[in-house]
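Chemist: One predicted model, sequence on top.
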Amino acid sequence: MPSIDVCFSPELLHLYDLKGKAVVAVDILRATSTMVTAFAHGAADIFPVMQLEECRAYAEKGCLTAAERDGVKAEGFDLGNSPFGYMSGKVKDRSVAITTTNGTRAIRMSEAADEVVVGSFLNLQAVADHLESLQLDVLVVCAGWKGKFNLEDTLYAGALVERLQDTFTSENDATLASLYLYQAARHDLTAFLRQSSHVRRLENLEINKDIEFCLQHDTFKVLPVWRQDRLIDLNAKRELV
């Protein structure tokens with residue numbers, strides 16, 4: 001039976017051997033939730049990059065560009081990091097290059113894994129189903145905030161652990177802590193997270209609707225996975241076969 005483990009920050013990835021594993025990269029507020037939303041609204045593929053200038057260069061290749069730093073849309077880019085910015089039809093059939101403070105870093109730092117999946121509450125069951133089909137050991141990589149632990153990504157890890165607890169083993173305290181936190185919070189995630197640092201940071205930017213949206217479960221069947229140099233929606237590709 002495969003196992004599931006949780007890495008609370010990309011800064012701790014050096015403690016893990018990613019070879020032969022499936023990584024679920026997660027940045028609930030808001031990068032991975034936004035990427036899932038972009039695919040649900042027709043994006044062709046997504047290029048997650050670490051640096052602003054690298055992202056900007058993708059415009060010359062015909063991509064839409066999206067950038068966020070410290071919760072705010074970076075100047076000179078087409079899109080920011082709010083999922084609502086991807087719902088107007090603008091991204092349909094387009095490639096999108098995106099860089100964010102935490103989420104894109106978590107994805108790119110996980111490339112050594114056999115499979116890299118983008119997770120959010122919005123596509124929780126799609127991710128769980130894919131991991132069950134892969135039968136690889138799983139590491140949930142929480143993006144955190146600038147290398148530090150955060151609560152919302154850990155709650156997602158706990159939700160995924162709960163979905164997989166009958167078919168995956170867990171042998172470490174990080175997995176157990178994530179599960180217990182989620183079970184304590186699950187009946188009202190918004191209230192549970194209200195005093196968390198990133199929720200307070202985003203509330204100060206007056207984007208409460210983003211928080212509420214990103215905490216919804218199983219809204220989309222989207223399955224973003226890393227392929228060569230980009231993310232694709234694997235479930236969309238399957239539908240085309």
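Modeler: Structure received. Residues are numbered from 1 along each chain as shown.
Chemist: Correct me if wrong: Phe121 contacts Ala157.
Modeler: No: when contacts are counted by Cβ atoms under 8 Å, Phe121 is not listed as touching Ala157 (11.2 Å). Quick note: C-beta positions are derived from backbone N, CA and C, even for glycine.
Chemist: quick one: pLDDT of the nearest residue to Lys73 once chain neighbours are set aside?
Modeler: Spatially, and ignoring its direct neighbours in sequence, Lys73 is nearest to Gly80 (3.0 Å; Cβ to Cβ, 6 or more residues apart in numbering). Per-residue confidence at Gly80 stands at 95 (pLDDT).
Chemist: Could you tell me how far Gly80 is located from Tyr58?
Modeler: 16 Å (Cβ to Cβ, to the nearest Å).
Chemist: ditto for Glu203
Modeler: 31 Å.
Chemist: between those two, who's got more neighbours?
Modeler: Tyr58 (19 against 13; other Cβ atoms under 10 Å).
Chemist: what residues are up against that one?
Modeler: Residues near Tyr58 by Cβ atoms under 8 Å, 6 or more residues apart in numbering: Phe47, Val49, Thr65, Ser95, Ala97.
Chemist: Find the pair from those residues with maximum spatial separation.
Modeler: The two members of the contacts of Tyr58 with the most space between them (Cβ to Cβ) are Val49 and Ser95, at 12.3 Å.
Chemist: who has more neighbours, those two?
Modeler: Val49 (23 against 17).
Chemist: Mind pulling up the pLDDT for the more buried one?
Modeler: 98.
Chemist: do you know how far Ala128 is from Cys142?
Modeler: 17 Å.
Chemist: where along this structure do the strands fall?
Modeler: 4-7, 21-26, 45-48, 64-69, 72-73, 95-99, 115-119, 137-142, 224-227, 230-233 (DSSP state E).
Chemist: Give the other helices and strands that the third one contacts.
Modeler: Using 3 or more Cβ pairs under 8 Å, 6 or more residues apart in numbering; DSSP states H and E as the contact test, the elements touching strand 45-48 are helix 31-40, strand 95-99, helix 103-108, strand 230-233.
Chemist: State the number of residues packed around the closest residue to Leu15 other than its chain neighbours.
Modeler: Nearest residue to Leu15 in three dimensions, chain neighbours excluded: Cys7, at 7.6 Å (Cβ to Cβ, 6+ apart). Counted with other Cβ under 10 Å, residues neighbouring Cys7 total 22.
Chemist: Would you agree Cys7 is in contact with Leu139?
Modeler: Yes: the pair Cys7 and Leu139 passes the contact test of Cβ under 8 Å, sitting 5.7 Å apart.
Chemist: Find residues that contact each of these two.
Modeler: With Cβ under 8 Å, 6+ apart as the test, Cys7 and Leu139 both reach Tyr16.
Chemist: I'd like the distance between Phe39 and Leu189.
Modeler: 23 Å.
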